[in-house]
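1. Dropping the sequence and predicted coords here.
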Amino acid sequence: MRALALILLLLLLACPATAARADVEIAIVVARDGPVPRLSGPLDRRRLARVFRGQIKVGRDGQRLHPVNLPARHPLRVAFSRALFHRSPEEMAQYWNEQYFQGNSPPHVVASEEAMLRFVAHTPGAIGYVAACHVDDRVRVILRLRVRAPRLAALCRGD
């Protein structure tokens, strides 16, 4: 009986360790047929963070940028926020409360990844994110963020 308990304990401990190492890709997307946002250099995490903080509002080609977020409690939004800002969406809300009084509005929020795909596909200058496994032919991937997020792996498995 004791040996069985030990085996079960080892299996239980092994599973979370494997899940904790689960890397998932977040795809940064724009409309398939629209222009890729041209910034003052290559799109990387730093510039993407500036777009989503409202510090870069217009691309070099004059195209107004429209960053789009998922709801604050969505696991993909949490991972995205931590990857870009090293803060939770709730912590970013404080940033946006301060920005509001300077006339800056936070990114538009859509209800789901499907809504994100639709909005981005039909809104010129929109830039959003979905789990890479949900990318389809309506959008074009312009950057991929690899994050360590076991809860996101469930989004792609349909759990």
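-> Received it, and whenever you're ready, just let me know what you need.
2. Any idea how far stretch 56-65 is from the middle of the chain?
-> In terms of C-alpha atoms, centre = their mean, to the nearest Å, the centre of stretch 56-65 is set 20 Å apart from its chain centre.
3. Can you give me the buried ones in that stretch?
-> Within stretch 56-65, the residues scored as buried using 16 or more other C-beta atoms under 10 Å are 56, 59, 65. C-beta here means a position set from N, CA and C on the backbone, and glycine is covered the same way.
4. Relative to Val24, which of the residues you listed is nearest.
-> Leu65 (25.0 Å; C-beta to C-beta).
5. looking at it, that closest one is touching Arg50, isn't it?
-> No: shown here, Leu65 and Arg50 do not form a contact pair, counting by C-beta atoms under 8 Å, at 10.1 Å.
6. Quick check: phi and psi at the residue positioned nearest the centre of the chain.
-> Nearest to the geometric centre of the chain sits Phe80, at 3.6 Å (C-alpha atoms, centre = their mean). Phe80 adopts backbone torsions of phi -60, psi -50, taken as degrees, to the nearest 10.
7. thinking again about what came up before, which residues are in contact with both of Leu65 and Arg50?
-> Ile56 (C-beta atoms under 8 Å, 6 or more residues apart in numbering).
8. Quick one: the strands in the protein, in order.
-> 23-31, 66-69, 108-109, 126-131, 139-148 (DSSP state E).
9. Please identify which of the ones you listed is closest to Ser88.
-> Closest approach to Ser88 among these is made by strand 66-69 (12.8 Å; C-beta to C-beta).
10. What is the distance between that closest one and the centre of its chain?
-> The answer for strand 66-69 is 10 Å, by C-alpha atoms, centre = their mean.
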